[in-house]
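Peer 1: Curious how this folds, go ahead:
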Amino acid sequence: MTDTTTLAPCPFCGGATRYLKEKTGFWTERAICDACDFCLTRTHTESAVARWNRCAPAPASGEPETCKCCGEGSAR
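Peer 2: Below you'll find the predicted structure:
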């Protein structure tokens, strides 16, 4: 069985990440970077973990860039 909550490092800063699944009237699923606060949520067709792990790794220069998988930028 595959661990579906294993997250890659942040695609923008390489920071540690965490997975949140909570019920606030309905179930919410998020993958969040603890260093830069970048966050991805679940869509109707794809989990937050799958979206997060599909993002490109942080650029070698350390400069933030737009994510190639979702078009979102760094929260910094």
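
Peer 1: quick one, helices of the chain?
Peer 2: Ranges of helices in the chain, per DSSP state H, are 48-54.

Peer 1: give me the low-pLDDT residue ranges for it?
Peer 2: Applying pLDDT under 70 to the chain flags residues 1-4, 56-76.

Peer 1: which residues in it form strands?
Peer 2: Assignment of strands within the chain using DSSP state E yields the ranges 17-23, 27-33, 39-41.

Peer 1: Need the ones you listed in JSON lines (columns: mean neighbour count and distance to Cys55).
Peer 2: Where C-beta positions appear, they are placed from N, C-alpha and C, glycine not excepted. Formatted as JSON lines, the strands of the chain follow (neighbours: other C-beta atoms under 10 Å; distance: least, C-beta to C-beta, whole Å):
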{"stretch": "strand 17-23", "mean neighbour count": "13", "distance to Cys55": "11"}
{"stretch": "strand 27-33", "mean neighbour count": "18", "distance to Cys55": "9"}
{"stretch": "strand 39-41", "mean neighbour count": "19", "distance to Cys55": "8"}
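
Peer 1: closest one to Ser47 among these?
Peer 2: Closest to Ser47 of the strands of the chain is strand 27-33 (C-beta to C-beta; 6.4 Å).

Peer 1: Is Ile32 in contact with Ala16, as I believe?
Peer 2: No: counting by C-beta atoms under 8 Å, Ala16 is not a contact partner of Ile32; they are 9.8 Å apart.

Peer 1: so can I have a markdown table of the strands of the chain showing distance to Pro11?
Peer 2: What follows is the strands of the chain, written out as a markdown table (distance: least, C-beta to C-beta, whole Å):
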| stretch | distance to Pro11 |
| --- | --- |
| strand 17-23 | 10 |
| strand 27-33 | 9 |
| strand 39-41 | 9 |
